[in-house]
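# Return atomic coordinates for the entry below.
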Amino acid sequence: MQMHPVEQRRVVVTGVGLISPVGIGTEKTWAAILQGRSGIAKITLFDARDHACKIAGEVKDFQPEAFIDRKDIKKTSRFIQFAIAAADMAVRHAGLVIADENPHRVGVHVGSGIGGFEVIEREHTRLLEGGPGRVSPFFITASIANLAAGQIAIRHNARGPNLTCATACTTGAHDIGEAFRILQRGEADVMIAGAAEAAVTPLSMAGFSAMKALSTRNNDPEHASRPWDVARDGFVTGEGAGILVLETLEHARARNAPVLAEIVGYAANADAFHTNAPPEDGSGIGRVMDLALVDAGISALDIAYLNAHATSTPLGDRAEATAISHVFSGNPDLWVSSTKSMTGHLLGGAGSLEAGLSVLALRDQVAPPMTNLETADIACAFRLVVDQPRALELGHAMSNSFGFGGTNASLIFKRVQ
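This next block holds a predicted model:
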């Protein structure tokens, strides 16, 4: 019996919700990025005086009660609160109303690289100091990674597929990419997708510092995150969330939804090389970009803007630059930036924040800049958007994410006119 391939459905982005160190809200974050404003400063969430790294990209003035009933705040950790707030923004942006008659066609694919780190630290201290009876009954549900997706589903009555990726710094990109696949296959009509992270905590910061992964430019926090600059000395931890509403094109058209962009390509692979460093030639990174281009049915010449993963680490930045230079060697029109220079590295939330920024770049036909670049690494054989946004004719944008364990992902979005 001959099997006929199922036609894959087209998928569009109809809503974006962003919470970041440079702003609470999608348009506030986007405006700050275009202005080149830094969200990195001295740590205020805990006393960091004894830490090697005393700086981070914190979400300033976040008030969970603005999004969550006061009685429920103690049931959630900070990353869940970010996810709930960003999902609310994205759903509102999309004008999405989940009808009572068909909630089973709306799913959630929201993850976190680390989960509720501050809750784990707090409850462990309570256990040691007061014994088992002092541990909160909300400890587990406030800290495990899939409860962001669970809480969002409960809040919006989304009864379709409910899933979570926890793939280190590739988490947000994987969540969006896998939600895209679910929609392509026809298993849902709408997916709320992305990730959140809140890892500016004593144990997290100490752990990354012990790996020598963090910048120690403590006296100059605004200039500490400097992707591809020869003086970079490590990444700066950020926090926040990026959530997108993805819909099949048919569903979006049926309800006259605002279409911000179409997601046309996604790929995931592994370096299979090292737990926390890519191979110097960036071969896994290059291959995942190639695979995403094949999935989108386009060539490297079609990508006008690339939001790079570039975190400000010596090895990672060099490997990605080498890979981009190779894949796009025949594309003289490509422009590249790393917005982590302003937000810091949101770890699991980075990929979905940057996917959201890539969608907004297509919407507004402007490539966001990167900051703090004085002398670029010699591996950067491509044009960088530095300090000022660049108005461009953008047809396709790519967003890259890579994580510990050698896990890679690349997303491609297309302008919809």
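# From the chain's centroid, how far away is the lowest-mean-pLDDT helix or strand in the chain?
For the chain, using mean pLDDT, DSSP states H and E, the weakest element among its helices and strands is helix 70-73, scoring a mean of 93. Here helix 70-73 is found 26 Å from its chain centre; the criterion is C-alpha atoms, centre = their mean, to the nearest Å.
# Ala268 in helix, strand or coil?
Put simply, Ala268 is strand when judged by DSSP: H, G, I helix; E, B strand; the rest coil.
# what number of residues lie near the nearest residue to it once chain neighbours are set aside?
Of all residues not flanking Ala268 in the chain, Ala409 sits nearest, at 4.8 Å (C-beta to C-beta, 6 or more residues apart in numbering). Heads up, the C-betas are built off the backbone N, CA and C, glycines and all. Neighbour count of Ala409, defined by other C-beta atoms under 10 Å: 31.
# Am I right that Ala409 sits in a strand?
Yes - judged by three-state DSSP, Ala409 forms part of a strand.
# Against Gln81, how distant is it?
Counting by C-beta to C-beta, to the nearest Å, the gap from Ala409 to Gln81 is 25 Å.
# quick one, phi psi at Leu45?
phi -70, psi -20 (degrees, to the nearest 10).
# burial of it, as a residue count?
Other residues close to Leu45 by other C-beta under 10 Å number 16.
# can you check Val230 too?
When neighbours are counted by other C-beta under 10 Å, Val230 comes out with 12.
# Look up the pLDDT of it for me, please.
Val230 carries a pLDDT value of 98.
# residue contacts, it?
374-377 (C-beta atoms under 8 Å, 6 or more residues apart in numbering).
# How about Ile285?
271, 278, 319-320, 323, 400, 402, 408.
# So Thr339 versus Ala195, what's the distance?
For Thr339, the distance to Ala195 - C-beta to C-beta - is 16 Å.
# Same question for Phe117.
Going from Phe117 to Ala195 by C-beta to C-beta gives 14 Å.
# which of the two has more neighbours?
Ala195 (42 against 24).
# Surely the more buried one forms part of a helix?
No - counting by three-state DSSP, Ala195 is not part of a helix but strand.
# Nearest residue to it in space, ignoring adjacent ones along the chain?
That would be Gly172: by C-beta to C-beta, 6+ apart, it lies 3.5 Å from Ala195.
# of the contacts of Ile285, buried ones?
Buried residues within the contacts of Ile285, counting neighbours by 16 or more other C-beta atoms under 10 Å: 271, 278, 319-320, 323, 400, 402, 408.
# Now tabulate the residues you listed in TSV and tack on pLDDT.
Listed next are those as TSV, based on pLDDT from 0 to 100:
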residue	pLDDT
Asp271	95
Pro278	92
Ala319	97
Glu320	98
Ala323	98
Asn400	98
Phe402	97
Asn408	98
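# and which of the residues you listed is nearest Arg232?
Nearest to Arg232 among the buried ones among the contacts of Ile285: Glu320, at 12.5 Å, using C-beta to C-beta.
# Just list the residues touching that closest one, thanks.
By C-beta under 8 Å, 6+ apart, Glu320 lies in contact with 278, 282, 285, 308-310, 400, 402.
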